[in-house]
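Give me a 3D structure for the following:
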Amino acid sequence: MTFEILLLVLLALAFDFLNGFHDSANSIATIVSTRVLSPRYAVIWAAFFNFVAFLFFGLHVANTIGKGIIDIAIVDKGVIFGTLAGACAWNIITWYFGLPVSSSHALIGGMIGSALVKAGSGALMWKGILRTVGFIFISPALGLVLGLGLGVVVYWAFRKSVPLKIDHIFRKGQLLSAALYSMGHGGNDAQKTMGIIASLLFSAGLLGGKFYVPFWVVIVCHTAIALGTMFGGWRIVKTMGQKVAKLKPVDGFCAESGAAIMLFVSSSLGIPVSTTHTITGAIMGIGSLRRLSAVKWGVAGRIVWAWILTIPCSAAISALTYALIRR
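This next block holds a predicted model:
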């Protein structure tokens, strides 16, 4: 492994750390805002389940990212650098403004930008890109439906219980739902960096003639995303936990459980969905169960615009970066 490749692997792990840092809000916002756990214990809880996710998921998403978004034949060190520069820059910009956008889509946008500058539109794998873009809209919609559906079931099942008893039960239940959501987050998001590192190693001839993800890459990627979660993106916690909708423990349980179901299914199918979109949709769903006005739709609209802009903006930064380093 050359020094340049080692630096790019470290840059990819820095992106993975930023992913955990940026998306930690998704994992802990509901459990912190409902005061089930303090922020310190919540990030430890989420980070642990981010890390152990590799024990429960295959590597379908990593394979999609590694060879299903752009033609792996055109991947080189410059393409990987441009990709990571675009994704990291957009993550930092949106973190600063407290916007819960998708690190996954920032990474995919970065890949598209570099590939377009190097080889034109022929290098793009449209099937994988269109499926990913489609889930910008599908994942929050399904998250909303699952969160709302679970809320209806739970509220009906406990309709005769006193509020204090419900609160007591779901304060414990939220520990389970937060763990499942964090596991789904780690199982989907850490694999995206695995795919980038594996494609870099493959393009450098370090994997032989067959694309695969080495086990050491799996471990370091899960470690990086878990460490990022430990540090936590507190600006986004406030947006997710209180600005979209006010949550109670029972609401947090339904939102996290609905989002976790969505992430488990998408990871098993190899679809790199946005964990951010999924949990935001679930929060909107459970918030609207009480009344539509409980969801602050102005904040939600600002978030949706950030989602729509993520791929083109990260692609533009990546394209500019690649063009500059090529010169």
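
Roughly how far does residue 114 sit from residue 29?
Between residue 114 and residue 29 the computed distance is 32 Å (Cβ to Cβ, to the nearest Å). Any C-beta I mention is one placed from the backbone N, CA and C, and that applies to glycine too.

Could you do residue 92 as well?
19 Å.

neighbour count winner among those two?
Remark: of residue 92 and residue 29, residue 29 carries more neighbours, 31 against 12, as counted by other Cβ atoms under 10 Å.

Can you classify the more buried one by secondary structure?
Under DSSP: H, G, I helix; E, B strand; the rest coil, residue 29 falls in the helix class.

before we move on, what about residue 265?
Residue 265 is classified as helix under three-state DSSP.

What count of nearby residues applies to it?
Residue 265 has 13 nearby residues by other Cβ under 10 Å.

now it: how far from residue 66?
For residue 265 relative to residue 66 (Cβ to Cβ), the value is 21 Å.

go on, residue 319?
21 Å.

quick one: which of the two has more around it?
Comparing residue 319 with residue 66 by other Cβ under 10 Å, the one with more neighbours is residue 66, at 26 against 21.

What pLDDT does the model give the more buried one?
Here the pLDDT value assigned to residue 66 is 83.

So what's the gap between the host helix or strand of it and the chain middle?
According to DSSP states H and E, residue 66 maps onto helix 60-67. Between the centre of helix 60-67 and the centre of its chain there are 15 Å (Cα atoms, centre = their mean, to the nearest Å).

what does that helix rub up against?
72, 107-108, 111, 125, 128, 187-188, 191-192, 194-196, 198-199, 202, 211, 213, 267-272 (Cβ atoms under 8 Å, 6 or more residues apart in numbering).

Narrow those to just the buried residues.
72, 107-108, 111, 125, 128, 187-188, 191-192, 194-196, 198-199, 202, 211, 213, 267, 270-272 (16 or more other Cβ atoms under 10 Å).

avg pLDDT for the helix ranked longest in the chain?
Secondary structure of the chain read by DSSP state H shows that its longest helix is helix 163-203. Averaging pLDDT along helix 163-203 yields 88.

quick one: low-confidence ranges for the stretch 1-150 of the chain?
23-27, 100 (pLDDT under 70).
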